[in-house]
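Colleague: Give me a 3D structure for the following:
(chains A and B)
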Amino acid sequence: QQQVKQSPQSLIVQKGGISIINCAYENTAFDYFPWYQQFPGKGPALLIAIRPDVSEKKEGRFTISFNKSAKQFSLHIMDSQPGDSATYFCAAKKGFQKLVFGTGTRLLVSP
Amino acid sequence: GAGVSQSPSNKVTEKGKDVELRCDPISGHTALYWYRQSLGQGLEFLIYFQGNSAPDKSGLPSDRFSAERTGGSVSTLTIQRTQQEDSAVYLCASSLVPGEQYFGPGTRLTVT
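Modeller: Numbering: from 1, shown residues only, chains lettered A, B, ... in the order given. Okay, here's the model as predicted:
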(Lines give C-alpha, C1' and ligand atoms only; values in the text may rest on other atoms or scores of the structure.)
Protein backbone atom coordinates (compact mmCIF):
# COMPACT_ATOMS: atom_id res chain seq x y z
CA GLN A 1 0.00 0.00 0.00
CA GLN A 2 2.81 2.36 0.84
CA GLN A 3 5.04 1.48 -2.08
CA VAL A 4 5.77 3.59 -5.13
CA LYS A 5 6.98 1.53 -8.07
CA GLN A 6 9.29 3.30 -10.50
CA SER A 7 10.45 2.29 -13.97
CA PRO A 8 12.68 1.97 -15.84
CA GLN A 9 15.68 1.43 -13.60
CA SER A 10 17.91 3.05 -16.21
CA LEU A 11 17.35 4.98 -19.40
CA ILE A 12 19.51 6.16 -22.27
CA VAL A 13 18.16 8.95 -24.47
CA GLN A 14 19.77 10.85 -27.28
CA LYS A 15 20.24 14.57 -26.96
CA GLY A 16 17.08 16.33 -28.04
CA GLY A 17 14.88 13.34 -27.35
CA ILE A 18 12.13 12.88 -24.79
CA SER A 19 12.89 11.09 -21.53
CA ILE A 20 9.94 9.40 -19.85
CA ILE A 21 10.00 7.91 -16.35
CA ASN A 22 6.97 6.24 -14.86
CA CYS A 23 5.69 5.65 -11.35
CA ALA A 24 2.73 3.76 -9.98
CA TYR A 25 1.18 3.77 -6.52
CA GLU A 26 -1.51 1.90 -4.60
CA ASN A 27 -2.52 4.25 -1.80
CA THR A 28 -5.34 6.43 -3.11
CA ALA A 29 -4.92 8.71 -0.09
CA PHE A 30 -1.64 10.06 -1.41
CA ASP A 31 -2.07 13.77 -2.07
CA TYR A 32 1.33 15.03 -3.22
CA PHE A 33 3.64 13.64 -5.89
CA PRO A 34 7.09 15.22 -6.30
CA TRP A 35 10.02 14.33 -8.48
CA TYR A 36 13.59 14.71 -7.27
CA GLN A 37 16.77 14.99 -9.33
CA GLN A 38 20.10 13.81 -7.96
CA PHE A 39 23.52 14.41 -9.45
CA PRO A 40 26.48 12.26 -8.38
CA GLY A 41 27.87 13.32 -5.02
CA LYS A 42 24.93 15.58 -4.27
CA GLY A 43 21.72 15.27 -2.32
CA PRO A 44 18.42 14.98 -4.21
CA ALA A 45 16.81 18.27 -5.22
CA LEU A 46 13.11 18.91 -5.69
CA LEU A 47 12.45 19.25 -9.42
CA ILE A 48 8.70 19.49 -9.87
CA ALA A 49 5.60 18.33 -8.01
CA ILE A 50 1.90 17.82 -8.61
CA ARG A 51 -1.26 17.35 -6.57
CA PRO A 52 -4.03 14.95 -7.67
CA ASP A 53 -6.51 17.66 -8.59
CA VAL A 54 -4.66 18.38 -11.85
CA SER A 55 -3.66 16.03 -14.66
CA GLU A 56 -0.55 17.82 -15.85
CA LYS A 57 2.01 20.32 -14.65
CA LYS A 58 4.72 21.83 -16.78
CA GLU A 59 7.82 23.72 -15.74
CA GLY A 60 10.13 24.52 -18.62
CA ARG A 61 11.21 21.27 -20.25
CA PHE A 62 9.85 19.16 -17.37
CA THR A 63 6.26 17.92 -17.29
CA ILE A 64 4.44 15.70 -14.83
CA SER A 65 1.49 13.76 -16.22
CA PHE A 66 -0.91 12.40 -13.61
CA ASN A 67 -3.51 9.69 -14.17
CA LYS A 68 -5.60 9.40 -11.03
CA SER A 69 -7.77 6.52 -12.23
CA ALA A 70 -4.74 4.44 -13.21
CA LYS A 71 -2.81 5.52 -10.10
CA GLN A 72 0.16 6.43 -12.22
CA PHE A 73 2.26 9.51 -12.79
CA SER A 74 5.18 10.18 -15.05
CA LEU A 75 7.97 12.66 -15.66
CA HIS A 76 8.63 13.82 -19.20
CA ILE A 77 11.81 15.67 -20.05
CA MET A 78 11.50 17.36 -23.41
CA ASP A 79 14.55 18.19 -25.53
CA SER A 80 16.74 16.16 -23.17
CA GLN A 81 20.25 17.52 -22.67
CA PRO A 82 23.47 15.89 -21.44
CA GLY A 83 23.17 18.11 -18.35
CA ASP A 84 19.94 16.28 -17.49
CA SER A 85 21.93 13.08 -16.91
CA ALA A 86 21.18 12.25 -13.29
CA THR A 87 19.15 9.91 -11.13
CA TYR A 88 15.48 10.75 -10.82
CA PHE A 89 13.25 9.71 -7.93
CA CYS A 90 9.49 9.91 -7.81
CA ALA A 91 7.77 10.10 -4.45
CA ALA A 92 4.34 10.35 -2.86
CA LYS A 93 2.88 11.25 0.49
CA LYS A 94 -0.36 11.58 2.41
CA GLY A 95 -1.02 14.61 4.58
CA PHE A 96 1.78 15.24 7.07
CA GLN A 97 3.28 11.78 6.67
CA LYS A 98 6.74 11.27 5.27
CA LEU A 99 7.45 10.89 1.57
CA VAL A 100 7.58 7.39 0.10
CA PHE A 101 10.25 7.28 -2.59
CA GLY A 102 10.50 5.19 -5.74
CA THR A 103 13.67 3.22 -6.36
CA GLY A 104 15.15 5.72 -8.81
CA THR A 105 15.92 5.91 -12.52
CA ARG A 106 19.40 6.57 -13.80
CA LEU A 107 19.11 8.75 -16.90
CA LEU A 108 21.94 9.15 -19.38
CA VAL A 109 21.51 11.63 -22.20
CA SER A 110 24.02 10.91 -24.92
CA PRO A 111 25.53 13.87 -26.82
CA GLY B 1 19.78 31.67 2.69
CA ALA B 2 21.66 28.63 3.85
CA GLY B 3 20.47 25.21 2.89
CA VAL B 4 20.69 22.00 4.87
CA SER B 5 24.23 21.36 5.99
CA GLN B 6 25.77 18.11 7.15
CA SER B 7 29.03 17.28 8.81
CA PRO B 8 31.40 15.72 8.34
CA SER B 9 31.24 15.37 4.57
CA ASN B 10 33.31 12.20 4.76
CA LYS B 11 33.96 9.85 7.65
CA VAL B 12 36.17 6.80 7.68
CA THR B 13 35.95 4.66 10.78
CA GLU B 14 37.06 1.26 11.94
CA LYS B 15 34.59 -1.55 12.41
CA GLY B 16 33.23 -1.53 15.95
CA LYS B 17 33.68 2.20 16.55
CA ASP B 18 30.82 4.61 17.20
CA VAL B 19 30.14 7.54 14.86
CA GLU B 20 28.05 10.68 15.07
CA LEU B 21 26.72 12.46 12.02
CA ARG B 22 25.34 15.96 12.27
CA CYS B 23 22.59 17.76 10.39
CA ASP B 24 21.77 21.46 10.50
CA PRO B 25 18.36 21.95 8.88
CA ILE B 26 17.09 25.08 7.21
CA SER B 27 16.15 27.61 9.86
CA GLY B 28 12.47 27.41 10.74
CA HIS B 29 11.88 24.01 9.18
CA THR B 30 9.86 21.92 11.58
CA ALA B 31 10.42 18.52 10.00
CA LEU B 32 13.74 16.69 9.71
CA TYR B 33 14.46 13.38 8.02
CA TRP B 34 17.39 11.00 7.82
CA TYR B 35 17.94 8.66 4.88
CA ARG B 36 20.63 6.21 3.90
CA GLN B 37 21.77 5.70 0.33
CA SER B 38 24.06 2.86 -0.60
CA LEU B 39 26.19 3.20 -3.73
CA GLY B 40 23.94 3.51 -6.76
CA GLN B 41 20.87 2.63 -4.76
CA GLY B 42 17.68 4.34 -3.70
CA LEU B 43 16.81 6.27 -0.57
CA GLU B 44 16.28 4.22 2.54
CA PHE B 45 14.22 6.09 5.14
CA LEU B 46 15.67 5.98 8.64
CA ILE B 47 13.89 8.42 10.96
CA TYR B 48 11.58 11.45 10.85
CA PHE B 49 11.16 14.27 13.36
CA GLN B 50 8.11 16.53 13.14
CA GLY B 51 7.93 19.41 15.57
CA ASN B 52 7.46 18.22 19.13
CA SER B 53 5.84 14.93 18.14
CA ALA B 54 7.44 11.61 18.91
CA PRO B 55 9.84 10.73 16.08
CA ASP B 56 8.96 8.09 13.51
CA LYS B 57 11.78 5.59 14.01
CA SER B 58 10.28 2.89 11.84
CA GLY B 59 13.17 2.89 9.37
CA LEU B 60 16.06 2.42 11.76
CA PRO B 61 17.67 -0.88 10.72
CA SER B 62 18.85 -1.96 14.15
CA ASP B 63 19.19 -0.78 17.74
CA ARG B 64 22.73 0.33 16.92
CA PHE B 65 21.17 3.33 15.19
CA SER B 66 19.69 6.24 17.08
CA ALA B 67 19.01 9.90 16.43
CA GLU B 68 18.05 12.93 18.39
CA ARG B 69 17.01 16.43 17.57
CA THR B 70 17.88 19.10 20.08
CA GLY B 71 15.82 22.26 20.48
CA GLY B 72 13.86 21.50 17.36
CA SER B 73 16.86 22.26 15.20
CA VAL B 74 20.16 20.36 14.93
CA SER B 75 20.00 16.59 14.69
CA THR B 76 22.61 13.93 15.36
CA LEU B 77 22.49 10.42 13.97
CA THR B 78 24.56 7.99 16.01
CA ILE B 79 25.67 4.58 14.85
CA GLN B 80 27.16 2.39 17.55
CA ARG B 81 29.55 -0.50 16.94
CA THR B 82 29.72 0.23 13.22
CA GLN B 83 29.69 -2.63 10.75
CA GLN B 84 30.93 -2.70 7.16
CA GLU B 85 27.36 -2.87 5.89
CA ASP B 86 26.77 0.55 7.46
CA SER B 87 28.99 2.08 4.77
CA ALA B 88 26.77 4.43 2.76
CA VAL B 89 25.90 8.06 2.23
CA TYR B 90 23.70 9.39 5.02
CA LEU B 91 21.39 12.15 3.85
CA CYS B 92 19.47 14.60 5.94
CA ALA B 93 16.49 16.62 4.72
CA SER B 94 14.25 19.25 6.27
CA SER B 95 10.91 20.71 5.33
CA LEU B 96 8.49 23.40 6.37
CA VAL B 97 5.67 22.34 4.12
CA PRO B 98 5.04 18.60 4.25
CA GLY B 99 6.53 16.95 1.18
CA GLU B 100 8.82 19.73 0.02
CA GLN B 101 11.97 18.26 1.45
CA TYR B 102 15.31 19.95 0.99
CA PHE B 103 18.27 17.64 1.19
CA GLY B 104 21.76 18.25 2.46
CA PRO B 105 24.86 17.07 0.59
CA GLY B 106 25.19 13.96 2.72
CA THR B 107 27.91 12.35 4.80
CA ARG B 108 29.80 9.52 3.15
CA LEU B 109 30.55 6.92 5.80
CA THR B 110 33.14 4.24 5.15
CA VAL B 111 33.62 1.47 7.68
CA THR B 112 36.89 -0.38 7.27
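Colleague: where does B:V97 land on pLDDT?
Modeller: If you check B:V97, the pLDDT there is 73.
Colleague: again, but for B:N52
Modeller: At B:N52, the model reports a pLDDT of 84.
Colleague: Now do it against B:A31, distance only.
Modeller: Distance of B:N52 to B:A31, computed by Cβ to Cβ, to the nearest Å: 12 Å. Yep, even glycine has a C-beta here, placed from its N, CA and C like the rest.
Colleague: Find the centremost residue of chain B, please.
Modeller: The centroid of chain B falls nearest to B:W34 when counting by Cα atoms, centre = their mean (3.5 Å).
Colleague: Now for whatever residue of chain B ends up closest to chain A, how many residues are close by?
Modeller: Across chain B, the shortest distance to chain A (Cβ to the nearest Cβ) belongs to B:F103, at 3.2 Å. The local packing of B:F103 (other Cβ atoms under 10 Å in any protein chain shown) involves 23 other residues.
Colleague: show me the contacts for residue 79.
Modeller: Here I'm looking at chain A. Shown in contact with A:D79 (Cβ atoms under 8 Å, 6 or more residues apart in numbering or on different chains): A:G16, A:I18, A:R61.
Colleague: nope, chain B
Modeller: B:D18, B:V19, B:L21, B:R64, B:F65, B:D86, B:L109.
Colleague: ok, now with 7 Å
Modeller: Neighbouring residues of B:I79 by Cβ atoms under 7 Å, 6 or more residues apart in numbering or on different chains: B:D18, B:V19, B:R64, B:F65, B:D86.
Colleague: Then B:L43?
Modeller: By Cβ under 7 Å, 6+ apart, the neighbours of B:L43 are A:F89, A:F101, B:Y35, B:Q37.
Colleague: And it, how far from A:G104?
Modeller: From B:L43 to A:G104 the distance is 8 Å (Cβ to Cβ).
Colleague: isn't B:T76 right up against B:S66?
Modeller: No: the pair B:T76 / B:S66 is not scored as a contact, 8.9 Å apart, by Cβ atoms under 7 Å.
Colleague: Next, the residue of chain A found nearest chain B: phi, psi?
Modeller: Nearest residue of chain A to chain B (Cβ to the nearest Cβ) works out as A:G43 at 3.2 Å. Torsion angles at A:G43 (phi, psi; degrees, to the nearest 10) stand at phi -80, psi 160.
Colleague: ok, it touching B:F103?
Modeller: Yes: taking Cβ under 7 Å as the definition, A:G43 is a contact partner of B:F103 at 3.2 Å.
Colleague: Can you tell me which of the contacts of B:I79 has the most neighbours?
Modeller: Ranking those using other Cβ under 10 Å puts B:D86 first, with 21 neighbours.
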